[in-house]
Structure formats: C-alpha cells, structure tokens
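[1] from the sequence below, what's the structure:
(chains A and B)
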Amino acid sequence: MKEQRGKMRDDELLSAYIDGALTPREQARLEARLAVEPALRQRLDALQETVMLLRQLPPVPAPRNFILTPAMVHPAPSKPARPPQRWLAPALSLAAAASAVLALALLVTSLLAASQAGPTVATLGAEGQAVEVAEMPAPEASPLPEAEMLAPPEAEGAVTDTAVVSLPVRMLATPAAAVTATEEPAALSLAAPEETPGGENARRFEEPLPTEEPASLPQAKAPAIPWLPLGGLGLLTLALALASALAWRSQRR
Amino acid sequence: MANFDETTLVQAAQRGNLDAFNELILAYQDRVYNLAYRIMGDPAAAGDATQEALIAAYRNLSTFRGGSFVAWLLRIVANRCYDELRRQKRRPAISLEDMGKVDEDANPTLIDGGESLQERVERQELAEYLQKAINALPPDQRAVVVLSDVGGQAYREIAAALGIPIGTVKSRLARARARLRDLLQEQRELLPAAYRLGNEAER
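    Numbering: from 1, shown residues only, chains lettered A, B, ... in the order given. Got it, this is the predicted structure:
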C-alpha cells in the first residue's frame, strides 16, 4: 500500500518532468535518483513512450460538415439580459400612491364645496365619510414600497375605488341628501362596469338602498362633484398599483 | 488557407454573420471533432458534442476576447465533452479482453505515402488499441490526458477549460498517463514490435 502510494508520487514527478513542469530543485533531485535507480528510469521511459504514442495518434477527420443553419442558432446571439430596472417598481408604486392621494384630495375638496352649499349633506354625508376615507390612503401608500405579494396594492386600490364610488351612494341614501346633482346616477353607472371589483362592491352597497332613489332627487342646487375625473383617477390608481405589483414581482425573479 | 483571414471572419461572426462563422467551422471542424472523438471515444457522441459546442460557441462569441480562436473552440468542446462524460458517469472500465479486439471501422487513419501496408496496419491497430485504453480511463482523467497529449494544451489552458485547479490537472494527468502506460505494457504482445514499451532488454 505504502509502496503503491510511493509509485503514484513518483509517477506524478515523472509526468511533470516530461512536461518540464518541475521546479529546478525537484528536477535536480529526480535526475539524481534516475541516475541510480534503473527501475525508476524504466518507468520514465515507458511513460515517455506512452506520451509520444498519444501525441502521434492520427487525427480523426470530421465525418461530416458541422456548419450551422440559422434555425440551429436561433435565438440569435443573445444580448446580455437587460439589467433589472430597479427604479421601475418603486416609481410605479409612488405614482399609484400619488394618484390615490390626488383622487382623495379632489373628492374631499369637492365634498367640502358641496357641504358649504348644502349643510345637511355636510354633517351626515360628507364629514362622516370623508373622515373614513381620509384614513384609507395610509394603508395604500405605505405598504407599497415593500409590496411582497401581488395582491395588496391591487386590493387596496380596489378598496379606495369602492370608497370613492360608494360614497355618493351613501349620500344619496341619507334622507337629508335631497340635494344631489341629477347626473350622479349616470356617472355612477358609468364608473361601475369599468371597475369590476369596485363596481361590485358598490353594487352591494347599493342593495339596501331605497328604490325611491330617483324620486328623492329633486332639482340639484349643490355644486356638482366631478365624478368623471374621480373615476378616471381611480382607474389610474388601480392600473398603476397593478403595474407596480407586476414590476415588484419581476424584480424579485 | 491563403486568403483566410481569421480575425476578419471572427469579427464578422461576432456581428451576427453566420456565414463568416461557418467559414471558421469549415477551417477548424476537423480539429474540434478529433478532440471530441478522442475524449468521447465514440463517433456518434463526438458528433453530438461537436455540434453542440459549435452552437454554444456561436452564441457566446461575445465572450471571445482575442487570442487563438481555435484554442477557444477546443476549450468549449472539451468542456462540453467533460460535462457529458460526467453526466453519463457510467462508463464501466473496459475489460482487457475487449481491449484486445480491434474495431476496424472506428478509427480511420491518415495514409502516409511512405508507409508499407504492414506498417499502416500496425499503426492503425495501435491507434485503436490506444483509444480503447483511453476509453477505459475515468472521465476526469480522460479529458485531461486528451487535452494535454492529443490536444497539446498547457496545464493552465486545461485548468481553464475544465474549471479545475492546476494541481488537479497535474495529478490527473500523471494518473492517466501511468494507467495508459500500464495498460500498454500489459498488452505489449498485441502491439506492433516497433512500439513495444519499456523493456530495456529488447533494445
């Protein structure tokens, strides 16, 4: 066993010697041994002949042409994958949050304007709801940057939208809300089908509504709440939230 | 080869010119295939490895940074063969009885004009015997010894091609050569007289 290991070590020395890869010192020591050890000399000779035979192996030509067709190399030499755009997801999140804030600001200011025109609406409708809604952007704005899951930004966007859409419904339901613009129901039905999640929720809100709704709508005097821009902003928020969620996900890959 | 401008062809190929790359292939496919054949020990496997390596080379042309283009190609095909052998990981050692047999078609050799028929047959038998001996080596040793002694590559190049340290190249090469030497000596009587090894008494 020990002898075997010694032979292996010798073969390593001899192999490196053939390639001229020994240090001068190793080489001198080996050559001194070769001079006095015929068995070692014989191992070296045999090893040298083996290497020579390998080097003389006749080349085997290619049995066919190996030229490439375009189909074989498709896809073409790929450019290095685009580095992930780290700014994209945060930017989209920020834009979604900004859009939500803008929507709320618009809603609150128009509600305030409405409440000044019709004080009854202000007490029951606008204030009660406005406070509730004002608290909502917080969850949306803060968790976005660390959005791990796909769902939250989208879901929160939907919640905001629901709030936006359902608000006027509540206001309509309030007995005192006799002073709402006539085009509101139209605006509502316009927004609802576009936003599936928000729309459905809004309808659920709508259910308990008294059916005499149209009847309780006399000629409006209050300044109109800009439902169209609000709906647009809601949609924008939703889209941005979705895009940012996708961006976060693709970045994690 | 007179008007063969390797640098221009490589640059054209790097810009996506497949025809230019195919010209390079035609110039070097024999060397690439030969290396694959010596490592794989089998024409079909060598053909597959060659084709795959050339496709990989074309796709990764952007990583070629000058130097010898054929050495770069050989490195890729060696790496491919090495991976393939490790993947197979089977390769039972070939019995000595098998090694005595000579496969007539497996190993075409170049005909040397000045050679007698007998010399040619002897040379061919020796080449086949040697290839079988190479095939009997473990994959790790096979790739190293072929790259070194058939491909003529330096330790450093082999280490880079196979992704192993130079010290590992040295030890695997020594073991492979020693094993081939022992196999050749054990079967000395099968070898043509001119190639009988290591017997001082015969000289």
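[2] rest of the way, CA atoms for contacts and neighbours
    Fine.
[3] next one: phi and psi at A:E31?
    A:E31 adopts backbone torsions of phi -70, psi -30, taken as degrees, to the nearest 10.
[4] quick check: it vs A:L14, distance?
    10 Å (C-alpha to C-alpha, to the nearest Å).
[5] those two: who's more crowded?
    A:L14 (27 against 15; other C-alpha atoms under 10 Å in any protein chain shown).
[6] for the more buried one, helix, strand, or coil?
    Following DSSP: H, G, I helix; E, B strand; the rest coil, the label given to A:L14 is helix.
[7] tell me the contacts of it?
    If you count contacts by C-alpha atoms under 8 Å, 6 or more residues apart in numbering or on different chains, A:L14 has them with A:44, A:47, B:174.
[8] could you redo the last one with a cut-off of 10 Å?
    Going by C-alpha atoms under 10 Å, 6 or more residues apart in numbering or on different chains, A:L14 touches A:8, A:20-22, A:27, A:30-31, A:34, A:40-41, A:43-45, A:47-48, B:174, B:178.
[9] just the pLDDT at it, thanks.
    Note on A:L14: pLDDT of 96.
[10] burial check on B:L117, number of neighbours?
    Neighbours of B:L117 (other C-alpha under 10 Å): 10.
[11] repeat that for B:K89.
    Quick note: B:K89 (other C-alpha under 10 Å) scores 11 neighbours.
[12] distance of it from chain A?
    24 Å (C-alpha to the nearest C-alpha, to the nearest Å).
[13] do the same with B:A178
    Applying C-alpha to the nearest C-alpha to B:A178 and chain A gives a distance of 7 Å.
[14] related to what we said a few turns ago, quick check: neighbours shared by A:E31 and A:L14?
    Contacts common to A:E31 and A:L14, judged by C-alpha under 10 Å, 6+ apart, are A:R41.
[15] residue in the stretch 101-250 of chain A nearest to chain B?
    A:S250 (25.3 Å; C-alpha to the nearest C-alpha).
[16] tell me the pLDDT of residue 167.
    Chain wasn't specified; assuming chain A. 43.
[17] actually chain B
    At B:G167, pLDDT is 95.
[18] contacting residues around it?
    B:G167 neighbours (C-alpha under 10 Å, 6+ apart): B:155-156, B:159, B:173.
[19] number of residues surrounding B:G66?
    For B:G66, using other C-alpha under 10 Å, the count is 10.
[20] and it, how far from chain A?
    18 Å.
[21] my guess is that residue contacts B:V10. True?
    Yes. With contact defined as C-alpha atoms under 10 Å, B:G66 counts as touching B:V10 (9.2 Å).
[22] any idea of the pLDDT on residue 9?
    Picked chain A for this. 91.
[23] wait, I meant chain B there
    93.
[24] can you tell me the closest non-neighbouring residue to it?
    B:A20 (5.2 Å; C-alpha to C-alpha, 6 or more residues apart in numbering or on different chains).
[25] what about that neighbour, how many neighbours?
    18.
[26] before we move on, which element is it in?
    helix B:18-40 (DSSP states H and E).
[27] reformat the contacts of B:G167 as a markdown table; add pLDDT.
    Output for these, formatted as a markdown table (pLDDT from 0 to 100):
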| residue | pLDDT |
| --- | --- |
| B:Y155 | 94 |
| B:R156 | 92 |
| B:A159 | 92 |
| B:L173 | 97 |
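[28] filter these to keep only those in contact with chain A.
    Intersecting those with the contacts of chain A gives B:155, B:173 (criterion: C-alpha under 10 Å from any C-alpha of the partner chain).
[29] among the contacts of B:G167, which two are most distant?
    Pairwise distances across those peak at 12.7 Å for B:R156 and B:L173 (criterion: C-alpha to C-alpha).
[30] who has more neighbours out of those two?
    B:L173 (27 against 14).
[31] contacting residues for that one?
    Contacts of B:L173 (C-alpha under 10 Å, 6+ apart): A:11-12, A:15-16, B:140-149, B:155, B:167, B:179.
[32] buried members of those into PyMOL, please.
    PyMOL command restricting the contacts of B:L173 to the buried ones, with burial defined by 16 or more other C-alpha atoms under 10 Å in any protein chain shown:
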select buried, (chain A and resi 11+12+15+16) or (chain B and resi 140+141+142+143+144+145+146+147+148+149+155+179)
